[in-house]
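K.L.:
give me a model of this one.
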Amino acid sequence: MLEAACWVIGVALLAFWSVAFFGGEIENRQAVAEFVQTRAALVARNEHRAPASPRVAPAAHSRPAAGESPKPAAAAPAKPAMPVPIALLRIPRLSLDVPVFADTSERNLNRGAGRIEGTAAPDEDGNIAIAAHRDRYFRALKDVEMGDVIELETMTQRHEYRVTKLSIVRPDDTSWLHATRTAAITLVTCYPFYYVGHAPKRYIVRAVGVNEMALARDRPGPTAKR
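P.N.:
Coordinates of the predicted model:
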């Protein structure tokens with residue numbers, strides 16, 4: 001009886017995990033498609049925006065003419081089935097392409113990555129911190145190398161960063177969340193990557209904006225005093 005009960009529980013847990021995993025994969029693809037479509041529509045609207053026409057004040061207390069049926073009110077635009085990602089994160093060398101959502105709720109981490117609250121938002125200067133699960137979309141971080149390019153595409157811009165530091169830290173070490181004066185992105189996931197249970201450490205990937213690196217490279221060094 002005990003063996004049968006354990007077997008049933010095991011099968012039930014496996015089925016639950018499978019539903020959650022594949023459900024997250026479906027929502028991941030839907031989120032990417034929704035982001036791409038929304039961004040394309042926004043770009044097209046901005047490119048083909050016509051000059052504004054003079055505004056005409058509507059007649060006060062306008063009423064339909066005799067025998068004319070009142071026009072139905074315009075229907076409100078349909079809301080998307082799920083929140084649209086705020087950005088797409090890519091690491092081309094690793095073929096990583098993952099949607100980034102506005103927060104790190106469990107549902108968002110099941111279908112992509114999430115921006116850590118309190119850090120800079122995409123398109124803002126400073127340190128943007130993004131988290132995802134080590135057994136899902138951020139497992140690819142185990143193969144990140146110094147100098148790898150990280151791309152962050154938002155609704156209006158495309159940012160490029162280059163990896164400058166890889167770290168393994170304790171969970172209570174939040175120094176990597178601190179604000180920065182220059183553009184930076186910090187990716188975080190649990191570590192070790194193949195640990196069974198709650199992983200005891202965090203794996204940190206820090207990358208600096210490519211434009212910031214170019215400015216630092218072009219900036220003249222201190223002049224020696226005579």
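
K.L.:
give me the neighbour count for Glu117.
P.N.:
A total of 10 residues lie near Glu117 under the criterion other Cβ atoms under 10 Å. Yep, even glycine has a C-beta here, placed from its N, CA and C like the rest.

K.L.:
next, the spatially closest residue to it that is not a sequence neighbour: secondary structure please.
P.N.:
Leaving aside its chain neighbours, Glu117 sits nearest to Asp103 (6.3 Å; criterion: Cβ to Cβ, 6 or more residues apart in numbering). When classified by DSSP: H, G, I helix; E, B strand; the rest coil, Asp103 comes out as coil.

K.L.:
pLDDT of the strand or helix carrying Gln37, averaged?
P.N.:
Assessed by DSSP states H and E, Gln37 sits inside helix 2-47. Averaging pLDDT along helix 2-47 gives 64.

K.L.:
now stretch 209-224
P.N.:
Here the average pLDDT along stretch 209-224 is 62.

K.L.:
now do the helices in the protein.
P.N.:
2-47, 106-111, 210-218 (DSSP state H).

K.L.:
distance across stretch 110-126, terminal residue to terminal residue?
P.N.:
The stretch stretch 110-126 measures 26 Å between its terminal residues, going by Cα to Cα, to the nearest Å.

K.L.:
just the buried residues of the strand ranked longest in the chain, please?
P.N.:
Longest strand of the chain, by residue count under DSSP state E: strand 158-169. Under the neighbour-count criterion of 16 or more other Cβ atoms under 10 Å, strand 158-169 has His159, Glu160, Tyr161, Arg162, Val163, Ser167 buried.

K.L.:
try stretch 100-120
P.N.:
100-102, 104, 107-116, 119-120.

K.L.:
before we move on, the earlier item: let me know the closest of the buried residues of strand 158-169 to Trp176.
P.N.:
The closest of these to Trp176 turns out to be Ser167 (Cβ to Cβ; 7.0 Å).

K.L.:
thank you, goodbye.
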